[in-house]
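1. Output the structure for:
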Amino acid sequence: MFPLQRGRRLRTTEAIRSIVRETTLSPSDFMFPMFIMEGENSKVEIPSMPGIFRRTLDLTVEEVKELYALGIRAVNIYVKVNDNLKDNTGKEAWNDNGLISYSVYNLNSTSFESLGYVDGNTVVQYTDTALIFQFPYTYNTIIIDLSNIPDATSHSQIRTYDAYGTLITPFGTFTDVVRVKLEGEQSISYLWIDSNTNQVLLGGNFENNVVYFFKDITNLTVNSSESQFFSIYPNPTQNDFILHNTNNFNTDVFVSVYDILGKELVSSIKANGNFNNISLKDFSPGLYIVKITNEENQVLHTEKIIKK
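-> Below is the predicted model of the structure:
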């Protein structure tokens, strides 16, 4: 008699349990947490999580291979930084020599483009930016784009606005969404963009079962804020460029140069006269942002320049 004896007729044998089972779990349904730290060939057990280790990057790669062999297809990455590097701004995430990898994009009123990426301690700046898509949208429009990385071959990609409708995601439902198909030389991926706000909602690669989200987009170029009173040449350049000011402003004009991560490399050089020579000879090949401001720090002009 219950509770001394529980009538569990539907669980008496594996055959019966398999008939009435409502939920089936497999390794591919799980996500494994991966904890990464600086260093080489080292791992440390996390006291509060028995059996879980914090590994250096080289051992993390080997661990991921083992997880994949077991059928686990997703991992969640947690990067460990020293406590003295933590602050309320999270600036360690922008450390060129840190563990965090990310891409840098520019979004303006006419286009969304990739400026480069950071992979561990390597910063790659395109010498010819990768155009992701253009505004306004036209259904079934095809764009063929060519991008270049310093000291590497060119990469081509075909973009097609191939779908339009409603996107349902775990974080909300969006209407008037445009899908952009990105066909590369070795893979196909997709982007979903809110056509009302031009917000990039998410991306994905169905071949590798990857979904990625866009959180922050750099706006250093912001539609280039182009002014008819300034011109920059030669562009691309080998060493220096000339800033030509075709208008005599009542206030002083200052020139700054940034890399794609927003780091100021040339700080507010005062521009004298109509022609000014700015040197980039000590810079690595890649894409940089030139910003021109007045005494009140108002932006008069921004423009991309490529160092070959």
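2. What separation is there between residue 299 and residue 291?
-> 6 Å (CB to CB, to the nearest Å). Any C-beta I mention is one placed from the backbone N, CA and C, and that applies to glycine too.
3. more neighbours, these two?
-> A direct count of neighbours by other CB atoms under 10 Å for residue 299 and residue 291 places residue 291 higher, at 20 against 13.
4. lowest average confidence, helix or strand, in this structure?
-> The weakest-scoring helix or strand in the chain, judged by mean pLDDT, DSSP states H and E, is strand 210-212 (a mean of 60).
5. any chance you could map the helices in the stretch 1-150 of the chain?
-> Secondary structure of the stretch 1-150 of the chain (DSSP state H, counting those that start in this stretch): helices located at 14-20, 57-69.
6. Give me whichever of those helices is most buried.
-> Ranked by mean neighbour count, the helices of the stretch 1-150 of the chain are led by helix 57-69 with a mean of 13 (mean count of other CB atoms under 10 Å).
7. Can you name every helix or strand that that one contacts?
-> Applying 3 or more CB pairs under 8 Å, 6 or more residues apart in numbering; DSSP states H and E, we find helix 57-69 packed against strand 31-37.
8. Render the CA-only coordinates of the strand it packs on in PDB, please.
-> Provided in PDB are the C-alpha atoms of strand 31-37 (Å, rounded to 0.1, in the frame of the first residue of the first chain):
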ATOM      1  CA  MET A  31      26.500  22.700 -23.400                       C
ATOM      2  CA  PHE A  32      29.800  22.300 -21.600                       C
ATOM      3  CA  PRO A  33      31.300  25.200 -19.600                       C
ATOM      4  CA  MET A  34      34.900  25.900 -20.600                       C
ATOM      5  CA  PHE A  35      37.100  28.100 -18.300                       C
ATOM      6  CA  ILE A  36      40.200  29.500 -19.800                       C
ATOM      7  CA  MET A  37      43.200  31.200 -18.200                       C
END
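9. any idea of the angle it forms with helix 57-69?
-> Using axes from the mean of the first three to the mean of the last three CA atoms, to 10 degrees, the direction of strand 31-37 lies 170 degrees away from that of helix 57-69.
10. about what we covered before: include mean pLDDT and distance to residue 195 when you put the helices of the stretch 1-150 of the chain into TSV, please.
-> As requested, the helices of the stretch 1-150 of the chain are arranged in TSV below (pLDDT from 0 to 100; distance: least, CB to CB, whole Å):
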stretch	mean pLDDT	distance to residue 195
helix 14-20	84	47
helix 57-69	83	37
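11. Can you redo the ones you listed as TSV, where the extra columns are distance to residue 78?
-> Putting those into TSV (distance: least, CB to CB, whole Å) gives the following:
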stretch	distance to residue 78
helix 14-20	37
helix 57-69	11
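12. Relative to residue 168, which of those helices is closest?
-> Nearest of the helices of the stretch 1-150 of the chain to residue 168, taken as CB to CB: helix 57-69 at 28.8 Å.
13. got the contact list for that closest one?
-> Residues external to helix 57-69 that are found in contact with it (CB atoms under 8 Å, 6 or more residues apart in numbering): 32, 34, 36, 40-43, 55, 75, 99, 120.
14. Turn the buried ones among these into a named ChimeraX selection, would you?
-> Selection of buried members from the contacts of helix 57-69 for ChimeraX, criterion 16 or more other CB atoms under 10 Å:
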select :34,36,55,75,99
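15. biggest separation within the contacts of helix 57-69, which pair?
-> Maximum pairwise distance among these (CB to CB): 22.0 Å, between 32 and 40.
16. domains of the chain?
-> Residue ranges for the domains of the chain, per automatic domain parsing: 10-80, 103-212, 223-307.
17. Which one of the helices of the stretch 1-150 of the chain lies nearest to residue 242?
-> Of all the helices of the stretch 1-150 of the chain, helix 57-69 sits nearest to residue 242, with 43.5 Å by CB to CB.
18. ok now that closest one, how far from the chain's centre?
-> 23 Å (CA atoms, centre = their mean, to the nearest Å).
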